[in-house]
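> just a sequence and a predicted model for now, questions to come.
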Amino acid sequence: MAKTILAVDDSGSLRQMVVFSLRAAGYQVTEAVDGQDGLDKAKAQVFDLVLTDQNMPRMDGLTLIRSLRGLPTYQKVPILMLTTESSDEMKAKGRAAGANGWLVKPFDPQRLTEVVKKVIG
Amino acid sequence: MTTERHLGGQVKDLLSNLSGHGTQHLNEIETDMVQTSLLLGEAIGKLGASFMAIHEAVVAQREAIEPLLSGTPPTPEMAEQLRARQEEIGRHVSAAVTGLQFQDMTSQLISRTVRRVVGLRDVLGGVANGTSQLLSDSNAEEVIETLATLNKVLEEQSVKLESALWKAVCQTHMESGDIELF
C-alpha cells in the first residue's frame, strides 16, 4: 500500500510540483491550502509524512507543527518544512517546534523524493 | 520661545518620521522588485532551456522508436538508447519543475511589495487625516499636540507593518535549496 503524504502550501503551483514529484515516486499525496486546512485534514486521517510551508495565511507552518505534535496520533509522524526561509534562527524554531527536517525552496524533484524515501521509505 | 522650540521639534520629528518611513518602504520595495526581476529572469531562462532540451530529447526518442515501428527487431543497443533518452527527459523535466517554482517565490515578493505600498499609503493617509484637524488659526499648543499625536501614529503604523510582513525571500537564483534533516 502506498505511503501517504500531506502537502501543505498556500501556493497552488508549488503544491502541483510537489504532487507531481511525489506521485511519480509512488506516494499518495493529499493537498492542503494552509496550516488550518492541513490541521483539519491531519485530524481526519493520519498521514505517514507531513510536508509543510512556513508562510501561509490563517495558520503558518510552525503553528501547524506545534498543533500536530499536540495530537497523540502525530507525535512520531515525520514532519518536514519546505520553505523559502533559510535562516538558522528559523531552522532552530522549526526544530524546537518538532520538525524533522528543513528543505529550502526551490526543490529539485529527485532530491525531494530521495529525502522522503529516506524518512518514510 | 520654549513653545516655538517645541513646535520646531515636533515639525522636525514629523518630517524626519515621514522621510524615514517613506525611504524604508521604498527601499524594501526596490529590493523586492530587483529580486523578483532576477528570479523571473532565471526562471524564464531555465524553463526555456528545459523546454528546448525536452523537445530535442523527444525528437531523438522518436527517431530511436521509428525503426521499431517499421518492423526492425529491437537490439540491446536500441533498448539502451531508449533508456538513456528516457533518463534524459526525466532530468530535463526535473529542471523544469525547479524552474516552475518561481511563481511561489515571486508571488511572496510581490505580496510584500503590495503590503509596503499599502503601508506607505496608510502613512500618507494618516498624515492627511492628522493635519486636517489643524485649523488655520490653531495656536502653537494645539499644533504641537496634533503633531505629537501624528508622530505617535506614525511610530505605531511602522511597528504594525513590520510585524505583519513575512520575511523577505532571500533566494536570487532558481537553484534547488539546502536540505537538512534533524
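Happy to help now that I have it. All values reported here derive from a predicted model rather than from experimental measurement.
> find the nearest non-adjacent residue to residue A:67, please.
Among residues not flanking residue A:67 along the chain, residue A:39 sits closest, at 5.3 Å (CB to CB, 6 or more residues apart in numbering or on different chains). Bear in mind the C-beta positions are built from the backbone N, C-alpha and C, glycine included.
> check what pLDDT the one you found gets.
On the pLDDT scale, residue A:39 is placed at 97.
> the chain: helices as residue ranges?
All of this refers to chain A. Along chain A, the segments classed as helices by DSSP state H run A:12-24, A:35-44, A:61-69, A:88-97, A:109-120.
> wait, chain B was what I had in mind.
Going by DSSP H, chain B shows helices at B:2-69, B:76-100, B:102-132, B:140-164.
> adding distance to chain A, write these out as TSV.
Below are the helices of chain B laid out as TSV (distance: least, CB to the nearest CB, whole Å):
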stretch	distance to chain A
helix B:2-69	9
helix B:76-100	5
helix B:102-132	4
helix B:140-164	12
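> can you lay out these as JSON lines showing distance to residue A:2?
Output for those, formatted as JSON lines (distance: least, CB to CB, whole Å):
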{"stretch": "helix B:2-69", "distance to residue A:2": "27"}
{"stretch": "helix B:76-100", "distance to residue A:2": "20"}
{"stretch": "helix B:102-132", "distance to residue A:2": "26"}
{"stretch": "helix B:140-164", "distance to residue A:2": "40"}
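> nearest to residue A:116, out of those helices?
Of all the helices of chain B, helix B:76-100 sits nearest to residue A:116, with 14.6 Å by CB to CB.
> dump the helices of chain B to CSV, plus distance to residue A:29 and mean neighbour count.
Output for the helices of chain B, formatted as CSV (distance: least, CB to CB, whole Å; neighbours: other CB atoms under 10 Å in any protein chain shown):
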stretch, distance to residue A:29, mean neighbour count
helix B:2-69, 23, 15
helix B:76-100, 14, 16
helix B:102-132, 17, 17
helix B:140-164, 31, 15
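> among these, which is nearest residue A:75?
Taking CB to CB, helix B:102-132 is the member of those nearest to residue A:75, at 29.9 Å.
> for that closest one, packing partners?
With contacts defined as 3 or more CB pairs under 8 Å, 6 or more residues apart in numbering or on different chains; DSSP states H and E, helix B:102-132 has these neighbours: helix A:12-24, helix B:2-69, helix B:140-164.
> tabulate the helices of chain B (TSV), appending mean pLDDT.
Below are those laid out as TSV (pLDDT from 0 to 100):
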stretch	mean pLDDT
helix B:2-69	86
helix B:76-100	88
helix B:102-132	85
helix B:140-164	80
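> who wins for proximity to residue A:22 among the ones you listed?
helix B:76-100 (11.3 Å).
> name the helices or strands packed onto that closest one?
Helices and strands touching helix B:76-100, by 3+ CB pairs under 8 Å, 6+ apart, are helix A:12-24, helix A:109-120, helix B:2-69.
> if we can go back for a sec, highest average neighbour count across the helices of chain A?
The highest mean neighbour count among these, using mean count of other CB atoms under 10 Å in any protein chain shown, belongs to helix A:61-69: a mean of 21.
> residues near residue A:57, how many?
Residue A:57 has 10 neighbours, counted by other CB atoms under 10 Å in any protein chain shown.
> apart from its chain neighbours, what residue comes closest to it?
residue A:34 (5.4 Å).
> for that neighbour, what are its contacts?
A:8, A:10, A:56-59 (CB atoms under 8 Å, 6 or more residues apart in numbering or on different chains).
> please report how far the residue of chain B found nearest chain A lies from residue A:27.
Using CB to the nearest CB, residue B:177 is the residue of chain B that sits closest to chain A, at 2.8 Å. Using CB to CB, to the nearest Å, residue B:177 is found at 21 Å from residue A:27.
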